[in-house]
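J.: Below are the sequence and a predicted model for it; my questions follow.
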2 protein chains.
Amino acid sequence: MSVTYRDVIHAASRIAEGIHCTPIMTSELLDAEAGCELFFKCENLQKAGAFKSRGAVNAVFSMSADDLAPGVATHSSGNHGAALARAASLKGVPAYIVVPENAKQVKKEAITAYGGQVITCESTLPAREAKLVEVIAETGATFVPPYDADDIIAGQGTAALELVEQAPGLDCIVVPVGGGGLLAGTSLVAEQVNARVYGAEPVGADDAHRSFHSGELVTEHVPDTICDGLLTTVGKNNFDIIRDRVTDILLASDDETRAAMKLIWSRLKQAVEPSSAIALAVILKHPDLFSGKSVGVMLTGGNVDLDHLPF
Amino acid sequence: MSVTYRDVIHAASRIAEGIHCTPIMTSELLDAEAGCELFFKCENLQKAGAFKSRGAVNAVFSMSADDLAPGVATHSSGNHGAALARAASLKGVPAYIVVPENAKQVKKEAITAYGGQVITCESTLPAREAKLVEVIAETGATFVPPYDADDIIAGQGTAALELVEQAPGLDCIVVPVGGGGLLAGTSLVAEQVNARVYGAEPVGADDAHRSFHSGELVTEHVPDTICDGLLTTVGKNNFDIIRDRVTDILLASDDETRAAMKLIWSRLKQAVEPSSAIALAVILKHPDLFSGKSVGVMLTGGNVDLDHLPF
């Protein structure tokens, strides 16, 4: 492993001008319902609406002026694309975002709103990767991956760094896991303050759970879940960090996530994605683990399609 | 008029322990869309989910121990009931809330969650008032009205007091108007800082607009709007304060309010009621009035029935 807690500290200084320090929210009613003290880290209020801005800004701000000049590129059907477009705009360089043609209109609009160039392709992973290679060859842009890279992990970890400063004395932190960048970054921070870390994953995309319990990285699966931010499998670098530092990966069904999402919307008044709500879902499902504890909860993003709510 | 700016100042000290100082939120994307600088006062994050907690806490905290002992009572189909139940619980006294039988389950649950006693009655106004008189006769509780009383107006005005301190130099403040307590309290504060005040009202419940323009208080109407917090007519005391201090009462259709509500949910990630979103709706409808200005926007509450969203 090459990325460390020190890298998270450095990332926090590097990106401070380019991101929000997001607030913590609490609810007495929710605490009563959950039987523990919950500290919600509101990354739904982060720039571009998700924690992804942290890693994207850290990656872009870490690049040399020469490397940066031709711009940056990635493929994304989700929040990383908009976050990278925004990060590039802060440096005044182009961002080329390869987006599958079936991606939601709202995601494409977010990318263009931040000045990114949307390049559509077929929705298969090979088609996306081929198009990305083509774009990079044409433009000279640098690839900024969505989750399995040191700069990204260190950037995402800054969310946890703020959380443990804003809510000292946490017993544990619960983090949704898709590609695993946020979970890896959080676990680097949590071990410094002796807080346990739990991943939260949909039953219908349980690759991290299976990888964690078998010790063998699952690299292919067919996800089926409303948590559209958690469809990817865990990256290898992330898994190397996670498996020694995370206490467990807990699962929740989509129905449990829907119920948790409604609770967050109605109690905290925060619009969050299903991929965020799953963290509360696993807490409510496991009173044995969380009862009486002081629990940090990563609300990872708030980019919901209001015309297609999952409830 | 008996309630003044000084009463708002006193109310702020009195209620400080019993309410949240709510945050201001901003969005560069929303500012670009609106053509002005918007400062959203997030009373959806207020205790019990609405600014109503301010007036309710001020009324309860202003009462003598003797008057308070038998408890407080009101009739409410909305946020005032839950706010009063919570305010009473802070003083350890009972709250009797008369609720029409057709009120939403979520509203009744909110009242009981804060320790209030729900007493149902027929949904007509005479039935509600008769039941309230009966409850007060039986219990000796003190009636705390929802909007047309000095303590309430002064309490609601504290939202504006915080807003003008958090966002100095506002050109104007836009406030939804139902019974008019928040608009009256805000106008007392705004005249101290030379900010204009606009009311925002649904086309389908335009009594304040008609009263303001005719100079004659409209006391009866048949409201038809998704803004379920703005169904009542403006109170007489409130109107006396409003008519000399408010620049205009602007109207928006329910479709315009729906669009504004989606913008607030998607850009600010804040769950707000239609009765809040109407403030943004009138701003977007009147670029002639707001373009280039620094505008305070009261997001009055966030108690939405997620199973019956208006979009």
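T.: Right, received. Where do you want to start? What you see is a predicted model, and the numbers here were worked out from it, not measured in a lab.
J.: With chain B as the reference, measure out to A:Val297.
T.: A:Val297 sits 16 Å away from chain B when distances are taken as CB to the nearest CB, to the nearest Å. Where C-beta positions appear, they are placed from N, C-alpha and C, glycine not excepted.
J.: so is that residue in a helix, a strand, or just coil?
T.: strand (DSSP: H, G, I helix; E, B strand; the rest coil).
J.: Count the neighbours of it for me.
T.: By the measure other CB atoms under 10 Å in any protein chain shown, the count of residues near A:Val297 is 30.
J.: how about the residues of the stretch 151-300 of chain A near chain B?
T.: Applying CB under 8 Å from any CB of the partner chain, we find that the stretch 151-300 of chain A lies next to chain B at A:262, A:265-266, A:269-272.
J.: May I ask which of the residues you listed comes out lowest in pLDDT?
T.: Per-residue confidence over these reaches its minimum at A:Ser266, where pLDDT is 92.
J.: Give me the spatial nearest neighbour of it, chain neighbours excluded.
T.: For A:Ser266, the nearest residue in space outside its immediate sequence neighbours is B:Leu306; the separation is 6.1 Å by CB to CB, 6 or more residues apart in numbering or on different chains.
J.: give the contact list for the one you found.
T.: With contact set as CB atoms under 8 Å, 6 or more residues apart in numbering or on different chains, B:Leu306 has these partners: A:262, A:265-266, A:311.
J.: And A:Lys108, by the same measure?
T.: By CB under 8 Å, 6+ apart, A:Lys108 lies in contact with A:99, A:118.
J.: Mind pulling up the pLDDT for A:Met1?
T.: The per-residue pLDDT reported for A:Met1 equals 57.
J.: any idea how far A:Glu220 lies from chain B?
T.: A:Glu220 sits 33 Å away from chain B, going by CB to the nearest CB.
J.: Neighbours of that residue, how many?
T.: Neighbourhood size, A:Glu220 [other CB under 10 Å]: 6.
J.: so A:Gly140 touches A:Val72, yeah?
T.: No - A:Gly140 sits out of contact with A:Val72 when judged by CB atoms under 8 Å, with a separation of 10.6 Å.
J.: Which of these two has more residues huddled nearby?
T.: Shown here are A:Gly140 and A:Val72; by other CB under 10 Å, A:Val72 has more neighbours (27 against 12).
J.: is that one in a bridge, and if so with what?
T.: With DSSP bridges applied, the residues forming beta bridges to A:Val72 are A:Ala95, A:Thr142.
J.: May I have the residues that are in contact with it?
T.: Contact criterion CB under 8 Å, 6+ apart gives A:59-60, A:63, A:84, A:87-88, A:93-96, A:141-144 as the residues in contact with A:Val72.
J.: One more: A:Phe40?
T.: If you count contacts by CB under 8 Å, 6+ apart, A:Phe40 has them with A:24-26, A:264, A:268, A:270, A:297, A:299.
J.: That one should be in a strand, yeah?
T.: Yes - using three-state DSSP, the secondary structure at A:Phe40 is a strand.
J.: Check the spacing between it and A:Lys269 real quick.
T.: Taking CB to CB, to the nearest Å as the criterion, A:Phe40 is separated from A:Lys269 by 11 Å.
J.: And for the closest residue to chain B within the stretch 151-300 of chain A, the neighbour number?
T.: Of the stretch 151-300 of chain A, the residue with the smallest distance to chain B, taken as CB to the nearest CB, is A:Lys269 at 3.7 Å. Taking other CB under 10 Å as the criterion, the count of residues near A:Lys269 is 26.
J.: helix, strand or coil for A:Pro70?
T.: Classified using three-state DSSP, A:Pro70 is coil.
J.: Report the rounded mean pLDDT for stretch A:244-251.
T.: 97.
J.: could I have that stretch exported to CSV, CA atoms only?
T.: The C-alpha atoms that make up stretch A:244-251 are tabulated as CSV, following Å, rounded to 0.1, in the frame of the first residue of the first chain:
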residue,chain,number,x,y,z
ASP,A,244,-7.0,-5.1,7.2
ARG,A,245,-8.8,-2.1,8.6
VAL,A,246,-12.6,-2.6,8.3
THR,A,247,-14.5,-4.4,10.9
ASP,A,248,-17.2,-5.8,8.6
ILE,A,249,-19.1,-5.1,5.4
LEU,A,250,-22.8,-5.1,6.3
LEU,A,251,-25.6,-5.7,3.9
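J.: which residues sit in contact with A:Thr225?
T.: Residues in contact with A:Thr225 (CB under 8 Å, 6+ apart) are A:202-205, A:231, A:254, A:257, A:274.
J.: who wins for neighbours among those?
T.: A:Thr257 (31 neighbours).
J.: Now that residue: phi and psi?
T.: The phi and psi values for A:Thr257, taken as degrees, to the nearest 10, are phi -70, psi -40.
J.: Assess the claim that it and A:Pro274 are in contact.
T.: Yes - here A:Thr257 lies in contact with A:Pro274, judged by CB under 8 Å, at a distance of 5.3 Å.
J.: Can you work out which residues contact both of these two?
T.: A:225-227, A:310.
J.: Quick one: which of those is the most crowded by neighbours?
T.: Counting neighbours by other CB under 10 Å, A:Cys227 leads those with 26 neighbours.
J.: Can you pull out the low-pLDDT segments for the stretch 201-311 of chain A?
T.: Segments of the stretch 201-311 of chain A classed as low confidence (criterion: pLDDT under 70) are not present in this model.
J.: What ranges does it have for its helices?
T.: Listed in chain order, the helices of the stretch 201-311 of chain A (DSSP state H, counting those that start in this stretch) span residues A:207-214, A:236-245, A:254-263, A:274-285, A:287-290.
J.: helices or strands next to the second one in the packing?
T.: To tie it back to what came earlier, the one meant is helix A:236-245. Helix A:236-245 sits against helix A:150-166, helix A:181-190, helix A:207-214, with contacts defined as 3 or more CB pairs under 8 Å, 6 or more residues apart in numbering or on different chains; DSSP states H and E.
J.: again, only using 7 Å
T.: With contacts defined as 3 or more CB pairs under 7 Å, 6 or more residues apart in numbering or on different chains; DSSP states H and E, helix A:236-245 has these neighbours: helix A:181-190.
J.: which parts of the stretch 1-150 of chain A sit against chain B?
T.: Proximity of the stretch 1-150 of chain A to chain B, by CB under 7 Å from any CB of the partner chain, involves residues A:23, A:29, A:44-45, A:49, A:113.
J.: Export the residues you listed as TSV, with columns for pLDDT.
T.: What follows is these, written out as TSV (pLDDT from 0 to 100):
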residue	pLDDT
A:Pro23	97
A:Leu29	89
A:Asn44	97
A:Leu45	97
A:Gly49	94
A:Ala113	90
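J.: Deepest in the core, which of the helices of the stretch 201-311 of chain A is it.
T.: Per residue and on average, the most neighbours among the helices of the stretch 201-311 of chain A fall to helix A:274-285, with a mean of 28 (mean count of other CB atoms under 10 Å in any protein chain shown).
J.: For chain B, what's its nearest residue on the stretch 1-150 of chain A.
T.: Proximity of the stretch 1-150 of chain A to chain B (CB to the nearest CB) peaks at A:Asn44, 4.6 Å away.
J.: Excluding covalently adjacent residues, which one is nearest to that residue?
T.: Excluding the flanking residues, the one nearest A:Asn44 by CB to CB, 6+ apart is A:Gly302, at 2.9 Å.
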